[in-house]
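Asks: below is the sequence, then the predicted model.
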Amino acid sequence: MVLGGVFRVRGPDVRRSRRGFTLIELLVVISIMSLLISILLPALSRARESARRTVCGSNLRQVGTAFWNYAEDFKGWFPAKSIFNWDHETDGEPTVSRLATVQHLGTRNADGPDGWSLQFAGILRDILERGYTHFDAPQPKYLPDPKILICPSDLTGNQLASQPNQDNLPTIPVRALADIAKMNRSIRAPEKNYSYMYVALWRNDDRADFFMMGDESNKSDNRTDSLTGLTPDDNHGFQGINALFCDTRVEWVQSKGGDFPSLQQLAWKLWGPAVSAPVRYPGSMGSRSSEVETID
């Protein structure tokens, strides 16, 4: 057909060529989307955990700095409990090995000027910040922000134990505090306000590779019970822990699994230097590791 000298070619009817997805095509698209999600979600989960692990390591490094500052003020000693009601005039100075047996203990008057609370809570609340929590300091001196005591991956922790080597304790929620004076510190505590275990009675002139603090598990991490098993519910699952050393360096220490043999390998990486080192103080026997105590 010719109009004004220009050929017009009639094309196909566009309206007739339009059609929607068939059911099969829709199912294929949904299947592809589901496959992509299943591939991406684990990667996103790993990325989030990696970010939380980094924050956890940063928190530990800040706690290490606080402990180092404390040691500078207390003749090189990192925070540790003395023996309650010890008579120095009659009995002299207790040996360091003797001090290592009481770091988990609390006293009956944890709120009073002479008392402290159980486990690591007592070290933090009643030793590190004693001037603020027991006396008249207007604010904490070493750890003004107790939120750094929480690993961002940590949701639950074991209940505070009145004795070492108490396993199968109930787990309680973990929650950060704005004020360290409000730290829960008894076996009846409804929540836990820190995510880490601590090795008491190191000094800041001890070997740099001595293990001082790290992610705790949901089991009792006291004395020889520390690092005997990890589960997916622990701070970083059974992948490993962030570890703080006496020089305030933090390292990620990986575990091959959460079983006992794997944890023994992890524990040896951390404790090997102290187990291999000789005792430092008179009255001690064994190795340098016998002069300290792990508490959680």
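Replies: Yep, that arrived. Small disclaimer: the values here were computed from a predicted structure and weren't measured.

Asks: can you list the weak-confidence ranges in this protein?
Replies: Low-confidence segments of the chain (pLDDT under 70): 1-21, 40-46, 164-167, 224-225.

Asks: so where do the strands sit in it?
Replies: For the chain, the strands defined by DSSP state E cover 2-3, 6-7, 156-158, 171-173, 196-200, 211-215, 235-238, 240-245, 250-254, 293-295.

Asks: so what does the fifth one touch, helix or strand wise?
Replies: Using 3 or more Cβ pairs under 8 Å, 6 or more residues apart in numbering; DSSP states H and E as the contact criterion, the secondary-structure elements in contact with strand 196-200 are helix 119-122, strand 211-215, strand 293-295. Every residue, glycine included, has its C-beta placed from N, CA and C.

Asks: which residues of the stretch 101-250 of the chain fall in helices?
Replies: Shown for the stretch 101-250 of the chain, the helices assigned by DSSP state H, counting those that start in this stretch span residues 119-122, 130-133.

Asks: so which of the ones you listed gets nearest residue 74?
Replies: helix 130-133 (10.7 Å; Cβ to Cβ).

Asks: look up how far residue 157 lies from residue 296.
Replies: Separation of residue 296 from residue 157 (Cβ to Cβ, to the nearest Å): 8 Å.

Asks: and these two? which has more neighbours close in?
Replies: Set residue 296 next to residue 157 and count neighbours by other Cβ atoms under 10 Å: residue 157 wins out with 29 against 26.

Asks: so that one sits right up against residue 192, yeah?
Replies: Yes. Counting by Cβ atoms under 8 Å, residue 157 touches residue 192, with 3.9 Å between them.

Asks: any residues in contact with both of the two?
Replies: Jointly contacting residue 157 and residue 192 under the rule Cβ atoms under 8 Å, 6 or more residues apart in numbering are 172, 174.

Asks: just to revisit the earlier point, shared neighbours, residue 296 and residue 157?
Replies: residue 216.
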